[in-house]
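Student: Have a look; sequence and predicted model below, questions after that.
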Amino acid sequence: MLGPPFHVQIQAILNGLPHISGGYDEHGKKLDSVCFLDTQTASWKQLPSMTVARCRHQMVAAGGALYAIGGLVSKVGGHHRRSSFMERYDPVQATWSMLPDPREPRYGFASAVRDNKIFIMGGLKLDGLRTTVVERYDVATGVWDVAAPMLTPRVRCASLCVGTAACLAVTALACRQVPS
C-alpha cells in the first residue's frame, strides 16, 4: 500500500491511528498536508492542513490532540528558515490553532511525550550549530519551560520516555538520558 506523496514525513499516533504531516513534495516545496491511515479501509484520509507548511519538524500526540512543532519553513534569501512555530490540531473541532512557540527555533530535533508534557531536544539552531537545549511544554497550562540540557548535542536523533523518570535521546552511536 502506498501512502501520500510526502518526503521526510513526520508521524504520530492519535486515537490508535498513524498520522503524517508536512515534509516536501518531489519539487522541494514544503507541505502543510496532514493525513491519517484509516485502518478499516486501508487508505489514507486527508485532515485539514496545518497553518504552517514545514518539513523536518516534529509531530506528537498528547492530551487527545496533535502538535506540530518547529522545523524548516519558507526559504529566505535562498536558505531555509528554522521555525519555532507550534500548532495544535483539535480532532473534535477539526481545526488547527497556533500556540506559544518554543524559545529556540530548530529543526532536526527529537520529541517525546510524558505525563502530558511535550519534550523537544537537540537539533540545529538558527546559527546552524547543534544544541543541547531541552524544552518542555505543559499541555494543561500551555507554558514552555527549559529542562536540564542534554550532555551532548544531538541532531536527527530518536527519542522516547521510559517510565516516569527519564526521556532518552538516541542516535546510532549513543544513548543519553535527558534529565527531566
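Tutor: Received the coordinates, thanks. Residues are numbered from 1 along each chain as shown.

Student: I'd like the distance between residue 30 and residue 54.
Tutor: 6 Å (Cβ to Cβ, to the nearest Å). Heads up, the C-betas are built off the backbone N, CA and C, glycines and all.

Student: which residues sit in contact with the spatially most central residue of the chain?
Tutor: The residue lying closest to the centre of the chain (Cα atoms, centre = their mean) is residue 58, at 1.3 Å. Contact partners of residue 58, counting by Cβ atoms under 8 Å, 6 or more residues apart in numbering, are 10, 68-71, 109-111, 120.

Student: Now do the helices in this structure.
Tutor: Using DSSP state H, the chain contains no helices.

Student: quick check: domain ranges of it?
Tutor: In terms of domains, the chain is parsed into 1-101, 108-180 (source: automatic domain parsing).

Student: now the ones you listed as CSV including mean pLDDT?
Tutor: Shown next, in CSV, are the domains of the chain (pLDDT from 0 to 100):
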stretch, mean pLDDT
domain 1-101, 84
domain 108-180, 77
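
Student: Comparing residue 30 and residue 54, which residue is more hemmed in?
Tutor: residue 54 (31 against 22; other Cβ atoms under 10 Å).

Student: for that one, what are its contacts?
Tutor: Applying Cβ under 8 Å, 6+ apart, the residues near residue 54 are 22, 30-32, 68, 70-73, 83, 85.
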